[in-house]
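>>> Need coordinates for the below:
(one chain, ligands or ions: 1)
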Amino acid sequence: MTISKEHRVDQSRDGDILILTINNPPVNAFGAGVPEGLKAGLDAAAADDTVKAVVIIGGGRTFVAGADIKTFNLPREQSPDLRGTIEKLDAFGKPTVAAIHGTALGGGLELAMGCTYRVAVKDAQVGLPEVKLGVLPGAGGTQRLPRVVGAQKALEMMLSGNPVGAPEAHSLGLIDEIVDGDLLAGAVAFARAHADARPLPRISEKSVQGASPEVFAAAREGIKKTHRGQLSPSLIVDLAELSASTSFQQGWDAEAGKFMEAKDSPQSRGLRHIFFAERESAKIPGIDKSTPTTEIKSAGIIGAGTMGGGIAMNFLNAGIPVTIVETQQDALDRGLSVIRRNYENTAKKGRMSMDDVEQRMAMLTPTLDMGDLKNADIIIEAVFENMDVKKEIFTKLDGIAKPGAILASNTSTLDVNEIASVTKRPESVIGLHFFSPANVMKLLEIVRAEKTSDSVLATSMALAKKIKKVGVVVGVCDGFVGNRMVHRYGDEARKIVEEGAKPQDVDASMNALGLPMGPFQMSDMAGLDIGHAIRQHQAKVAGQPKPDGWLDRIVEQGRKGQKTNAGIYDYDETRKPKPNADMQQLIETYRSEKGISPRDITQDESTKRLAYSLVNEGAKILDEGIAQRAGDIDVIYIYGYGFPAYRGGPMQYASEQGLSSVVADLEKYGQTPAPLLKRLADEGKTFADYDAEKGRG
Ligand code: NAD
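Alright, predicted model coming up:
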């Protein structure tokens, strides 16, 4: 059945009060049919002298939870007319009351602020989260919120995007009354009590409190740290300032233009892309709600090193008891003390209590006996990155783990099929690739091996959610998605230095794109010895001579990165990288030995070569089916590698640049474009088109 637009809002009467109920499930987004229904309701109320006031309420579980983000891509004349609805509310001659339960976010709060009054239940939440999608409140939010809560608080709410609870909103004057008991009955009673209030206390007619120049200057300073390089936060500050210095009408008009500017920016497109890509990445073709899953009530972890300890914390934080295994008592003690210290540091910062620390530690059972894992629902191996060691462990586990237990490896590069092959139950084996520090980084690559069962995969996806990770399914290959791409990126970074750039300039070229760390800052942090060992190993396997790049020479001096306070850079306790003149000399000597005459490399060239090396490898990964969607790769890069969300991830960034210009630049700088990338470029398409082609948009 098609529902006519008017049917998104029901009209009913309670004596002299007209009730408008918005019904646009699931969250009453301000989509098609809602503005038409509200306007029709207001017209009916205006025409009927027996109506003294109007209550607007959401049907179902919430008030209007926000604008419908999918309508952002529509031309303005086709998008739901939120501004027109609010203008009509503001000009309306009788009191209007927004009755809020659930959430009133973004357009929902703007609609509520267009009403004369707002009442809410205690657990309702209100806020203006637009900044998180690279836009700004575009229907009066930037002009009305400062008029209600003052300049400083309005800036804080609009720049963080975080909602406030109804009790706080009440104390700020944003909610006029908290309703105990039935919301509609309370709202109707409130409307009746205020039916004769004249003049109507319109927010648009108030003035802004606390609008000193210092408040706006401090906000501008603040966003340099919190939103470096982003457009919409600075537009928000400008508009908030305008709310205090001009008439409401002028501010309202200016806001419309700034909203369009932000909405049409690549940054907002990037953030919206990630918003949808993250939701899409949770879907796996062939797996749905009917796929059986098991509940994970206990976990076993093998190895209490850097990763094992962090992984254990995720489970403890989610209330899942953990048994952690080491081979030696001192390694076990060390692992436990690191976990305790991490928790105590969190407690010192006031983010948990000492009781919480003890409770979590009490859920952790240390042991030297792998046999103690026999009851665990999932066992995650996090020992050294060595195939023989891993195979030995999985062979033993096969004899210990209960039937149906998930056997997972945290390997960063090794073949999960080969690991699974040593067990009699390869369907229970999966890769769960956490990122360091594992208790902090949100990404979890879920590596689906050839024989991994659907149930194990679905359970792992559900588990990721439970331990508050963003799980993305990937296939088996060397380095899976993230590290395979980052290896190519590292190769290109070293090449750029070889050709003439300084490491700090290469890092700066990625910082300029918004990454907190460039390739060399990142490899110093991860440890240079790991990459060095991989390069040596790969050369040996390929029967090639021992690698002797400039970076290999640095590592061979014992400079392993941050852990030795010396790598490509020098470090002190601040962990800020400082260029080292001897290393620069080492690079120059290397070049002259190899007969390379250095040339100037611009920041633009460096940024493009690095970003596009990721994209090119990403295209190969897509073509091989190792990642399901380009959007999945973007999610991986944002949550695992610090790629700025406002660029939308490397694949979206490339699409924004235009894939034919990416291909041209790759060719110009001597990289061979991947066939898929070339095809899309030739057809004038983007990676989003590719995802749509696959039916996975
Ligand atoms: P680590 O050296 O810090 O820890 C490994 C721990 O495993 C050590 O404490 C060691 O004593 C213990 N161990 C070795 N053999 C064991 C056995 N038979 N039984 C029980 N414990 C044993 O190493 P890590 O950095 O934590 O890496 C662990 C795994 O995680 C590796 O496969 C690595 O590739 C992967 N990984 C590492 C990172 C990272 O950034 N460090 C990121 C993702 C994945």
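
>>> Just give me the neighbour total for the residue in the chain positioned nearest to the ligand.
Nearest residue of the chain to the ligand, counting by CB to the nearest ligand atom: residue 305, 1.8 Å away. Placement of C-beta: from N, CA and C, glycine included. Neighbour count for residue 305, taken as other CB atoms under 10 Å: 15.

>>> Residue 664 too?
13.

>>> how close does it sit to residue 76?
According to CB to CB, to the nearest Å, residue 664 and residue 76 sit 34 Å apart.

>>> Check whether the residue of the chain closest to the ligand really touches residue 335, as I assumed.
Yes. Counting by CB atoms under 8 Å, residue 335 is a contact partner of residue 305 at 6.7 Å.

>>> How about the contacts made by residue 255?
136, 137, 138, 140, 141, 142, 143, 239 (CB atoms under 8 Å, 6 or more residues apart in numbering).

>>> where's residue 19, which helix or strand?
Here residue 19 is covered by strand 17-22, with elements defined by DSSP states H and E.

>>> partners of that strand in the sheet?
In the sheet, strand 17-22 lines up against strand 9-14 (antiparallel), strand 53-58 (parallel) (DSSP bridges).

>>> CA-only coordinates of the helix or strand of the chain with the lowest mean pLDDT, as PDB, when you get a sec.
Lowest by mean pLDDT, DSSP states H and E among the helices and strands of the chain is helix 528-541, with a mean of 88. Output of helix 528-541 as PDB, limited to C-alpha atoms (Å, rounded to 0.1, in the frame of the first residue of the first chain):
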ATOM      1  CA  LEU A 528      60.600  -0.800  12.400                       C
ATOM      2  CA  ASP A 529      62.000  -4.300  13.100                       C
ATOM      3  CA  ILE A 530      58.600  -5.900  12.000                       C
ATOM      4  CA  GLY A 531      58.700  -4.500   8.500                       C
ATOM      5  CA  HIS A 532      62.400  -5.200   8.300                       C
ATOM      6  CA  ALA A 533      61.900  -8.800   9.200                       C
ATOM      7  CA  ILE A 534      59.100  -9.100   6.600                       C
ATOM      8  CA  ARG A 535      61.200  -7.600   3.800                       C
ATOM      9  CA  GLN A 536      64.100 -10.000   4.700                       C
ATOM     10  CA  HIS A 537      61.800 -13.000   4.800                       C
ATOM     11  CA  GLN A 538      60.000 -12.100   1.500                       C
ATOM     12  CA  ALA A 539      63.300 -11.600  -0.300                       C
ATOM     13  CA  LYS A 540      64.600 -15.000   1.000                       C
ATOM     14  CA  VAL A 541      61.400 -16.800  -0.100                       C
END
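
>>> That one near the ligand anywhere?
No. Helix 528-541 lies out of reach of the ligand by CB under 6 Å from any ligand atom, never closer than 7.8 Å.

>>> next one: the helix or strand following that helix to chain centre, how far?
Going down the chain from helix 528-541, the next helix or strand is helix 550-555, by DSSP H and E. Its chain's C-alpha centre and that of helix 550-555 lie 35 Å apart, by CA atoms, centre = their mean, to the nearest Å.

>>> and the next element down the chain from helix 550-555?
Remark: after helix 550-555, the chain's next helix or strand is strand 569-570, criterion DSSP H and E.

>>> That following strand packs against which elements?
Using 3 or more CB pairs under 8 Å, 6 or more residues apart in numbering; DSSP states H and E, the elements in contact with strand 569-570 are helix 519-526, strand 578-579.

>>> coming back round to it: most packed of the strands paired with strand 17-22?
strand 53-58 (a mean of 25; mean count of other CB atoms under 10 Å).

>>> which residues sit against that strand?
For strand 53-58, the surrounding residues in contact (CB under 8 Å, 6+ apart) are 16-22, 28, 38, 41-42, 45, 63-64, 92, 94-102, 111-112, 115, 183-184, 187-188, 191-192, 194-195.

>>> now do stretch 441-450
Outside stretch 441-450, the residues that touch it by CB under 8 Å, 6+ apart are 416-417, 419-420, 426, 429-435, 457, 460-461, 464, 468-476, 480-482, 635-636, 639-640.

>>> which phi and psi does residue 49 have?
Reported as degrees, to the nearest 10, the phi and psi values for residue 49 are phi -60, psi -20.

>>> on that earlier part again, rebuild the contacts of residue 255 as CSV, extending it with neighbour count, distance to the ligand and pLDDT.
Formatted as CSV, the contacts of residue 255 follow (neighbours: other CB atoms under 10 Å; distance: CB to the nearest ligand atom, whole Å; pLDDT from 0 to 100):
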residue, neighbour count, distance to the ligand, pLDDT
136, 28, 38, 97
137, 27, 40, 97
138, 23, 42, 96
140, 29, 47, 98
141, 28, 42, 98
142, 31, 42, 98
143, 30, 48, 98
239, 23, 43, 98
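
>>> Would you mind listing what in the stretch 401-550 of the chain touches the ligand?
410, 411, 412, 434, 435, 436, 526.

>>> Poorly predicted segments of the protein, please.
Residues of the chain that meet the criterion pLDDT under 70 lie in 1-6, 696-697.

>>> got the residues of it near the ligand?
Looking at the ligand, the residues of the chain close enough under CB under 6 Å from any ligand atom are 302-308, 325-327, 331, 382-385, 389, 393, 410-412, 434-436, 526.

>>> which among the residues you listed end up buried?
302-304, 307-308, 325-326, 382-383, 385, 393, 410-412, 434-435, 526 (16 or more other CB atoms under 10 Å).

>>> Of the residues you listed, which belong to strands?
Among these, the residues falling in strands (DSSP state E) are 302, 325, 434.

>>> partners of the first one in the sheet?
Spelled out, that is residue 302. With DSSP bridges as the rule, residue 302 is bridged to residue 325, residue 381.

>>> Do I have it right that it meets residue 379?
Yes. Under the criterion of CB under 8 Å, residue 302 makes contact with residue 379 at 6.8 Å.

>>> hang on, the earlier thing: which ones among the contacts of strand 53-58 lie within helices?
Counting by DSSP state H, the contacts of strand 53-58 place 38, 41, 42, 45, 111, 112, 183, 184, 187, 188, 191, 192 in helices.

>>> Please produce TSV containing the residues you listed, extended by neighbour count.
As requested, the ones in helices among the contacts of strand 53-58 are exported to TSV (neighbours: other CB atoms under 10 Å):
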residue	neighbour count
38	29
41	23
42	21
45	21
111	27
112	27
183	20
184	17
187	29
188	22
191	26
192	18
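
>>> ok, which pair from the residues you listed is furthest apart?
Farthest apart among the ones in helices among the contacts of strand 53-58 by CB to CB are 111 and 192. That separation is 21.6 Å.
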